[in-house]
Each structure stands twice: as structure tokens, then as C-alpha cells.
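In: quick one, what's the 3D model for this:
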Amino acid sequence: MKDESFIIKRFKRIGVLTIASVYILILVGGIVRSTGSGMGCPDWPKCFGSWVPPTSLEQLPSDYLEVYKEKRIQKNERIGRVLQGFGFTEVAQEIFAHPSQYIETEFNATKTWIEYVNRLVGVVIGLLIVLTVLYSFPFVKRDPKIFWGSVASLFLVVFQAWLGSLVVSTNLLPEMVTLHMALALVMVAVLIYIVIRVDRVKLLANFAIPSGKVRFLLVGVLLLTFFQVIIGTQVREQVDLVAFGANNLGRETWIERLGTQFYVHRSLSILLVVMNVALYIFMKRLGNKNLVFIATSILVVIAAEILLGIILAYLALPAMAQPLHLLFGTLLFGLQFLLLMIYYYAHKPNQPSPELVA
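Out: Coordinates of the predicted model:
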């Protein structure tokens, strides 16, 4: 029993640490976007052909702009041919035709090292997920879902790394950036699931009567938040296009030039607030301290998101607010998924053998 308790605690610790690291990476990734450092390293996995990036222009060849642009184009052509082979002809043609891959990005030491730190954090997460898989082996027979969930998170982080290389080679192609963000949310959900599941016996049979309305509301809120984060990512891509077209001048006019997605994103935030307030009321009625605490935390995060949204809209998109807005948006998704998992297991019957519980 003592060994089993140690195995569960060890797995939970590494799982929680990995989730925290993913959120740190999301914050760093937001800083990369807000500072325009996404192409600070024009190649992948190395940075300017080296595992440790340069600190001055003198360390680079005189024709470095042309060299790395040509490498990106060649890589995109290889990717395009593979996609065409699998039948994704339209996607391949868009990669071929998109002008972003032909843009040359001049060396900037600060931006290069910001992007390099972003990659280092990604490496740390990869190592933590490898440990998560190793620590999940004791659950292979008694609870395969924990093991396979850990393996799924490993596949996701490997795919994310590969997708990150495409983001670089396509010079931040909007569709690639959006997919990169969506998979980060999926990875957070998988990690939360296995961490909650491993110790779910403590949550079982907390409520006698499950509520279909509450579960429906929880799923609806979660999907809406996922959609909001994705739209927010696309709005951020529109900001980049407006900034590029304005040569990074007239920042106070950028909001006015954004398309429909910005107004959809802003309008849906009202619905999100209403649904989460309703969720809080339901949790309050249930009287479970853990659920009420998470529901309260959700409202606090939403309040921070609203404040940051106002700052972004009315103070000319300050760079410091952008990564925080992204971080709190993804944190909101994580808290909602956590609430869903705890509520789900609270309605399961408390059986003697936890491995028999779905």
C-alpha cells in the first residue's frame, strides 16, 4: 500500500510540474509573438545553424538572409510534396503560394535569444513528458488509460515540436500558428485528465445525484473557451498583418483595421461571462468546497481577461498585455477542464478497486 501511494504521488508530482511547464511555455510563446521574435531563429532545430545562437551580426555570413530564406523554401517544397501525396493539395498549394516564406528577417540578438529560450522551455517539457511516460508504466495493467494518456501526451509534444519547425519554415503562416495553439490546449487537457484520474478514488461518490444540466453546461463552456482562444489567436495574426502593412507605425489605429473576427471574439466574451457565472451558481448549490473554489478561480481569471482585453482595445495593444491575455485564456480552459473532470468522477460509484472505474 505504501509503495502504491508513492507511485501515485510521484506520478501526480511530475504531471503537475509538466502542466505548469506547459503554461510557462505558453507565456513565453506569447512573449515571442508580442515582441515579434517568432523568426528570431530562421531555422529549426538549430538557430542560425548552431545549437547556441549568435550574439552579434559579425558571427553570421554576409549572405545569411538569402541562405536561410532558401533553406525555408526548400523545406516547404518538401513538406508540400508530402502533403500532396496524402491528398492535401489545397494546403500544399497555400504553403507554396504564401508570400510569408519569402520574407527575409534581419538578425536581432534580443529576438533571437527570446526565441531560443522559448525552444529551451519546449525541450524541458519534452523531458518532463518522457518522465511522465516512464512513471506511468506501473499503471499499464491496472489502469491502461493513464499509461496511454501519458503516451498520447508524448506523441503530442513530438508533433508539436515538428509543427514548430513548420511554423518557422513557413515564416509564421497563420494556419500553422493556430494549429500550434489548438494542440497546446489538447495537450493541457490530456495531462490534466491523467493527473486527476490517477488519484480519482478520493473524488468518487461525492454526490448522490448527477445533473445532466451541469455536465452539459460544463462541456458547453469548455468548447466556447476553446473556440475563443482559437479566434483570439487568429485576431493576433490579423494584428501582425496590420502592423506589417503599417510598417509598425500608428499603433493606436490597428484595432480599427481588424476584421470581423475581432468583433466576434469580443462579443462571445459576454456569452462566456454569463455561462461561467451560471456555472458558479450551480457549483455553489452543490456545496462541494473543491468545486466552488475552482469555479471561483474561473471567475477571477475571467475578470483578469476582461481587464486585459480592455487594456488591449483602448491602450493601443501594449506588448506586455498580449502574452498575459493569452496565458489567462489558456488557464481558463485548463480550470474548466479540471472542473469537468472532478465533477465527472464525483458522480462515479466508489468501488473497492479503482482500476474498475471508467
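In: state the helix or strand in which the residue nearest the centre of the chain lies.
Out: For the chain, Ala184 is the residue whose C-alpha lies nearest the centre (Cα atoms, centre = their mean; 3.1 Å). Per DSSP states H and E: Ala184 is located in helix 174-198.
In: elements contacting the very next helix or strand once past that helix?
Out: Sequence-wise, the next helix or strand downstream of helix 174-198 (DSSP H and E) is helix 212-245. In terms of contact count using 3 or more Cβ pairs under 8 Å, 6 or more residues apart in numbering; DSSP states H and E, helix 212-245 is assigned the packing partners helix 174-198, helix 260-286, helix 321-346. The C-beta positions use only the backbone N, C-alpha and C, and glycine is treated the same way.
In: if we can go back for a sec, what angle do helix 321-346 and the helix holding Ala184 make with each other?
Out: Helix 174-198 runs at 40 degrees relative to helix 321-346, counting by axes from the mean of the first three to the mean of the last three Cα atoms, to 10 degrees.
In: burial measure for Lys141, as a count.
Out: Using other Cβ atoms under 10 Å, Lys141 has 9 other residues around it.
In: what do you get for Asn247?
Out: 7.
In: and for Leu223?
Out: 12.
In: one more: Glu115?
Out: The number of residues packed near Glu115 is 26, by other Cβ under 10 Å.
In: pLDDT below threshold where in the stretch 101-250 of the chain?
Out: Applying pLDDT under 70 to the stretch 101-250 of the chain picks out residues 101-104, 168-172, 203-212.
In: for the helix holding Ala184, buried residues please.
Out: For helix 174-198, burial by neighbour count (16 or more other Cβ atoms under 10 Å) applies to 174-181, 184-185, 187-198.
In: between the helices and strands packed on helix 212-245, which one is nearest to Phe244?
Out: helix 174-198 (12.1 Å; Cβ to Cβ).
In: mind giving me the packing neighbours of the helix holding Ala184?
Out: The contact analysis (3+ Cβ pairs under 8 Å, 6+ apart) places helix 174-198 against helix 2-34, helix 144-169, helix 212-245, helix 321-346.
In: thinking again about what came up before, turn the helices and strands packed on helix 212-245 into TSV, including distance to Gly15.
Out: Shown next, in TSV, are the helices and strands packed on helix 212-245 (distance: least, Cβ to Cβ, whole Å):
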stretch	distance to Gly15
helix 174-198	4
helix 260-286	24
helix 321-346	12
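In: wait, what's in contact with Asp199?
Out: Neighbouring residues of Asp199 by Cβ atoms under 8 Å, 6 or more residues apart in numbering: Ile8, Lys12.
In: tally of neighbours for Asp240?
Out: A count of nearby residues for Asp240, using other Cβ under 10 Å, gives 17.
In: how near is it to Val177?
Out: In this structure, Asp240 and Val177 are 9 Å apart, going by Cβ to Cβ, to the nearest Å.
In: give me the common contacts of those two.
Out: With Cβ under 8 Å, 6+ apart, Asp240 and Val177 have no common neighbours.
In: and Val52, its phi and psi?
Out: Backbone torsions for Val52, taken as degrees, to the nearest 10, come to phi -120, psi 120.
In: that one: neighbour count?
Out: Counted with other Cβ under 10 Å, Val52 comes out at 9.
In: equivalent analysis for Met320, please.
Out: Met320: 11 surrounding residues under other Cβ under 10 Å.
In: ignoring the adjacent residues along the chain, who's closest to it?
Out: Leaving aside its chain neighbours, Met320 sits nearest to Ser34 (7.5 Å; criterion: Cβ to Cβ, 6 or more residues apart in numbering).
In: where does the one you found land on pLDDT?
Out: Predicted confidence (pLDDT) for Ser34: 82.
In: same question for the one 10 residues further on.
Out: The model reports Trp44 with a pLDDT of 80.
In: so it is in contact with Gly164, correct?
Out: Yes: counting by Cβ atoms under 8 Å, Gly164 is a contact partner of Trp44 at 6.7 Å.
In: on that earlier part again, contacts only, for the residue nearest to Met320.
Out: Residues counted as contacts of Ser34 (Cβ under 8 Å, 6+ apart) are Ala319, Met320, Gln322, Pro323.
In: so which of these comes closest to Leu131?
Out: So of the contacts of Ser34, ranked by how close each gets to Leu131 (Cβ to Cβ), first place is Pro323, at 27.0 Å.
In: just checking, that closest one touches Arg33?
Out: Yes: counting by Cβ under 8 Å, a contact exists between Pro323 and Arg33, whose distance comes to 7.3 Å.
In: got any residues that touch both of those two?
Out: In terms of Cβ under 8 Å, 6+ apart, Pro323 and Arg33 are not both contacted by any residue.
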